[in-house]
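Visitor: Here's my sequence, what's the structure:
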Amino acid sequence: MSDILQGNDPYTGPSFSLSNRLKRLAWNIVRSLLFRTSPRPLHGWRRFLLTSFGAKIGKGANVLPKAVVWAPWNLEMEEFAAVADNVTVYNMARITIGRKATVSQGVHLCAGTHDYESKNFQLYAEPITVGADAWLCAECFVGPGVTIGEGAVVAARAVVVKDVPAWTVCGGNPCRPLKPRVIRDA
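Guide: Numbering: from 1, shown residues only. Take a look at the predicted model:
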């Protein structure tokens, strides 16, 4: 069940339930004092902090200290997935990062948006899935509801608003397929 309030006036009141706001307050205190200040090699410490707030983190997965995770309880990372510094994980809905997938510096994973045709500018969220072995290059943007296929590569600064096919190199704004990803020596 989503913590997003329905039919509210976002200009005069909150968009999230009180329990959601309190959880985020607690997480932001921990993130500011213990997560963000942790030395870069302490991957296990940051995994512990994230899982303490409900994240599902696989063996060997790494999140660097300058990454911003909005709601750990909506984050799932499979084994050896990596999130670099300055990544924004804006996970109002679940964000899943597959096995050995790499999310490079400055990437913005945005699972929330507004219905700009609704009277109250309704906030809503849709999950994002990054497939195993995918690579999101520096500073690309991935919007709500997008699935990045297994093994796909999204070029730097691409804007992804539709699904990306598996084992395909994509780029641009809007992001579109450029060529198949072929692994040499396979």
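Visitor: Now stretch 155-165: buried residues?
Guide: For stretch 155-165, burial by neighbour count (16 or more other CB atoms under 10 Å) applies to 155, 157-158, 160, 164-165. Every residue, glycine included, has its C-beta placed from N, CA and C.
Visitor: pLDDT on it, on average?
Guide: Here stretch 155-165 scores 98 as its mean pLDDT.
Visitor: Show me the contact partners of that stretch.
Guide: With contact meaning CB atoms under 8 Å, 6 or more residues apart in numbering, stretch 155-165 is reached by 104, 134, 137-143, 146-149, 152, 154, 169-175, 177-178.
Visitor: from the buried residues of stretch 155-165, which single one is nearest Gly98?
Guide: Set against Gly98, the nearest of these by CB to CB is Val164 (12.7 Å).
Visitor: before we move on, back to that, of the contacts of stretch 155-165, select the buried ones using a PyMOL command.
Guide: Only the buried members of the contacts of stretch 155-165 enter the following PyMOL selection, criterion being 16+ other CB under 10 Å:
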select buried, resi 104+134+137+140+141+142+143+146+147+148+149+152+154+169+170+171+175
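Visitor: Which of the contacts of stretch 155-165 fall within strands?
Guide: Among those, the ones falling in strands (DSSP state E) are 141-142, 147-148, 154, 169-171, 177-178.
Visitor: Okay, and Asn20 sits in which element?
Guide: Following DSSP states H and E, one finds Asn20 within helix 18-30.
Visitor: Please work out the average pLDDT along the next helix or strand after that helix.
Guide: Later in the chain than helix 18-30, the nearest helix or strand by DSSP H and E is helix 43-52. The pLDDT scores in helix 43-52 average 98.
Visitor: Val103 versus Ala61, what's the distance?
Guide: Distance of Ala61 to Val103, given as CB to CB, to the nearest Å: 11 Å.
Visitor: so where is this protein shaky, pLDDT-wise?
Guide: Within the chain, the stretches with pLDDT under 70 are 1.
Visitor: what about 50?
Guide: For the chain, no stretch is flagged by pLDDT under 50.
Visitor: gap between the two ends of stretch 158-177?
Guide: 11 Å (CA to CA, to the nearest Å).
Visitor: so what's Cys140 closest to, chain neighbours aside?
Guide: Spatially, and ignoring its direct neighbours in sequence, Cys140 is nearest to Ala158 (4.4 Å; CB to CB, 6 or more residues apart in numbering).
Visitor: quick one: contacts of stretch 12-21?
Guide: Contact partners of stretch 12-21, identified using CB under 8 Å, 6+ apart, comprise 3-5, 8, 24, 71, 123.
Visitor: In JSON lines, list the residues you listed along with distance to Leu18 and neighbour count.
Guide: As requested, the contacts of stretch 12-21 are exported to JSON lines (distance: CB to CB, whole Å; neighbours: other CB atoms under 10 Å):
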{"residue": "Asp3", "distance to Leu18": "9", "neighbour count": "18"}
{"residue": "Ile4", "distance to Leu18": "13", "neighbour count": "17"}
{"residue": "Leu5", "distance to Leu18": "10", "neighbour count": "18"}
{"residue": "Asn8", "distance to Leu18": "13", "neighbour count": "16"}
{"residue": "Arg24", "distance to Leu18": "11", "neighbour count": "18"}
{"residue": "Ala71", "distance to Leu18": "15", "neighbour count": "24"}
{"residue": "Leu123", "distance to Leu18": "16", "neighbour count": "19"}
